[in-house]
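> Have a look at this prediction, sequence included:
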Amino acid sequence: MNFEEDRFVHTFEKKLSNKKTFNQVFYGLLIVLGVLLLINIYLASAGYSAVKLKAAEVKEANRPAEISLMIIDSGCKDCFDVEALVTQVKDKNVKILDEKRVEKNSEEAKTLIEDYNIKKLPTVIVSGELDKFSMTGFETVNDKQVFMNILAPYVESSTGQTKGLVKLVHVTDTSCVECISMEPVIASLGEAGVKISDIKKVDYTSPEGKKYISDYGLKETPALLISNEVTYYNGMKETLVSLGSTEVKGFFKLHSTLPPYRKTGTGQVAGLVDMALLKDSSCQSCYDVEVNKQIMERFGLFIKDTKTYDVNSAEGKQLISKYKITKVPILILSPDAKEYPTLSRAWPQVGTTESDGWFIMRKPEVIGSYKDLSTNQEINPNENIGE
């Protein structure tokens with residue numbers, strides 16, 4: 001074989017070798033791509049199944065609960081509003097398959113009351129897909145959910161008696177225009193959800209009014225008698241007791257905790273306070289004596305009359321002499337100030353109560369600058385603070 005033939009053979013063999021290598025690589029890549037394709041198909045299929053499963057779960061969760069309602073009516077028009085409860089149930093994500101109503105005295109109602117230990121009526125019993133139904137106030141009993149959070153007024157299932165219909169007797173005092181009215185108390189009872197079935201108004205001077213005062217030991221008027229049906233409302237008994245109310249013959253008796261009011265024993269109106277303000281008009285740095293009046297009003301005092309005196313006036317000199325006053329400006333309160341417990345507790349910090357019952361302020365320095373009448377000096381109590 002000559003040189004040319006030899007070179008041709010060598011070149012041909014080299015090309016053949018390169019083609020073989022290329023084929024090996026090509027088929028190897030095809031195998032890898034095939035494996036990857038199978039993996040991707042598997043993953044895509046698994047992912048699709050997971051998404052499909054999740055979508056099914058979401059769809060099921062959002063599907064309305066299929067339930068049936070059994071409503072046991074109490075026959076009490078003033079009782080708990082069961083229709084509002086039914087509306088709330090229907091506003092949930094539910095599909096009502098059946099709705100039935102039975103009267104409390106029917107045999108079916110009696111069986112349900114016994115089977116599900118129902119104490120108060122009216123109520124609602126829910127059956128069906130209870131795993132998809134949840135609402136505050138319902139409790140699971142056996143295989144049903146029963147609404148147990150029945151607020152007064154309601155019918156007691158064991159006796160058939162209506163509980164929570166409150167009666168009021170309002171003993172008024174039309175002759176006392178200054179006395180605290182009990183009307184806001186009556187309004188607040190209604191706002192608190194108390195169902196008032198009857199209100200009787202009697203004046204304290206009438207024969208009927210006098211009988212109520214005697215029978216229930218009313219010591220002040222205006223007054224309110226509240227039937228003990230009010231105890232069926234959560235927290236109401238505790239509230240009344242905190243206001244000083246006591247129960248007598250099935251009624252809680254209540255009068256204003258703040259004067260003015262009339263004391264039935266004497267017939268006098270208590271809590272009408274006369275105030276005297278004593279100042280020295282020559283004192284340039286003294287605080288404004290009118291501030292005392294504003295403070296007393298914040299204590300809730302009913303100020304019937306206010307008089308202002310200067311230390312140099314005849315009335316002022318008389319007060320200074322009678323009560324041995326050494327500092328001004330001050331205030332003086334009539335004995336009826338004792339009817340205000342909060343003031344009576346705080347008063348010893350600023351003054352004295354004299355033997356004739358009058359309240360005399362002794363420490364004007366607790367408010368501001370004052371004048372010492374014994375030295376004729378104007379004093380700023382804060383002057384030396386921080387020095």
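Yes, it's here. Numbers count the residues shown, from 1 in each chain.
> pLDDT-wise, which helix or strand of this structure ranks last?
helix 3-62 (a mean of 60; mean pLDDT, DSSP states H and E).
> low pLDDT regions in this protein?
Low-confidence segments of the chain (pLDDT under 70): 1-30, 32-58, 60, 384-387.
> Walk me through the domains of it.
Recorded structural domains for the chain (assignment: automatic domain parsing) are 1-36, 65-156, 165-263, 271-379.
> now those domains in TSV, with distance to Lys59 and mean neighbour count?
Heads up, the C-betas are built off the backbone N, CA and C, glycines and all. Converted to TSV, the domains of the chain look like this (distance: least, CB to CB, whole Å; neighbours: other CB atoms under 10 Å):
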stretch	distance to Lys59	mean neighbour count
domain 1-36	34	10
domain 65-156	13	16
domain 165-263	41	17
domain 271-379	64	16
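> Figure out how far the helix or strand following the least confident helix or strand of the chain is from the centre of its chain.
Sequence-wise, the next helix or strand downstream of helix 3-62 (DSSP states H and E) is strand 65-73. Relative to the centre of its chain, strand 65-73 is centred 32 Å away, using CA atoms, centre = their mean, to the nearest Å.
> Show me what strand 65-73 is packed up against.
helix 82-90, strand 94-103, helix 107-115, strand 123-128 (3 or more CB pairs under 8 Å, 6 or more residues apart in numbering; DSSP states H and E).
> mind checking which of those is nearest Thr352?
helix 82-90 (59.9 Å; CB to CB).
> okay, the angle between the closest one and strand 94-103?
160 degrees (axes from the mean of the first three to the mean of the last three CA atoms, to 10 degrees).
> how far is helix 82-90 from where the chain is centred?
Worked out by CA atoms, centre = their mean, helix 82-90 lies 24 Å from the chain centre.
> separation between Ala187 and Ile196?
In this view, Ala187 and Ile196 are 10 Å apart by CB to CB, to the nearest Å.
> cool, Thr221 as well?
Taking CB to CB as the measure, Thr221 falls 20 Å from Ile196.
> Could you tell me which other helices and strands the strand or helix carrying Glu238 packs against?
If you go by DSSP H and E, Glu238 is part of helix 236-242. Counting contacts by 3+ CB pairs under 8 Å, 6+ apart, helix 236-242 is packed against strand 251-255.
> Run through who's touching the helix or strand just after the strand it packs on.
Next along the chain after strand 251-255, taking DSSP H and E as the criterion, comes strand 261-263. Applying CB atoms under 8 Å, 6 or more residues apart in numbering, the external contacts of strand 261-263 come out as 173, 176, 179-180, 204, 219-222, 255, 268-271.
> quick one: strands adjacent to the helix or strand Lys167 falls within?
Secondary structure assignment for Lys167, by DSSP H and E: strand 165-172. Sheet partners assigned to strand 165-172 using DSSP bridges are listed as strand 195-203 (parallel), strand 223-227 (antiparallel).
> Tabulate the ones you listed in TSV, adding columns for distance to Glu83.
Formatted as TSV, those follow (distance: least, CB to CB, whole Å):
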stretch	distance to Glu83
strand 195-203	16
strand 223-227	27
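> between these, which gets nearest to Thr140?
Closest approach to Thr140 among the strands paired with strand 165-172 is made by strand 195-203 (29.6 Å; CB to CB).
> immediately after that closest one, which helix or strand?
Counting by DSSP H and E, what follows strand 195-203 is helix 207-216.
> List just the nearest of the contacts of strand 261-263 to Thr159.
His255 (33.5 Å).
> CA-only coordinates of the helix holding Glu238, as PDB, when you get a sec.
Extracted in PDB, the C-alpha atoms of helix 236-242 (Å, rounded to 0.1, in the frame of the first residue of the first chain):
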ATOM      1  CA  MET A 236     -78.000  42.900  88.000                       C
ATOM      2  CA  LYS A 237     -78.300  41.700  91.700                       C
ATOM      3  CA  GLU A 238     -74.600  42.500  92.300                       C
ATOM      4  CA  THR A 239     -75.000  45.900  90.700                       C
ATOM      5  CA  LEU A 240     -78.000  46.800  92.900                       C
ATOM      6  CA  VAL A 241     -76.300  45.600  96.000                       C
ATOM      7  CA  SER A 242     -73.300  47.800  95.200                       C
END
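> How far off centre is whatever helix or strand comes next after that helix?
Once the chain leaves helix 236-242, the next helix or strand it forms, by DSSP H and E, is strand 246-248. Averaged C-alpha coordinates place strand 246-248 at 25 Å from its chain's average position (CA atoms, centre = their mean).
> Going by contacts, tell me the helices and strands next to strand 246-248.
Under the contact definition 3+ CB pairs under 8 Å, 6+ apart, strand 246-248 sits against strand 251-255.
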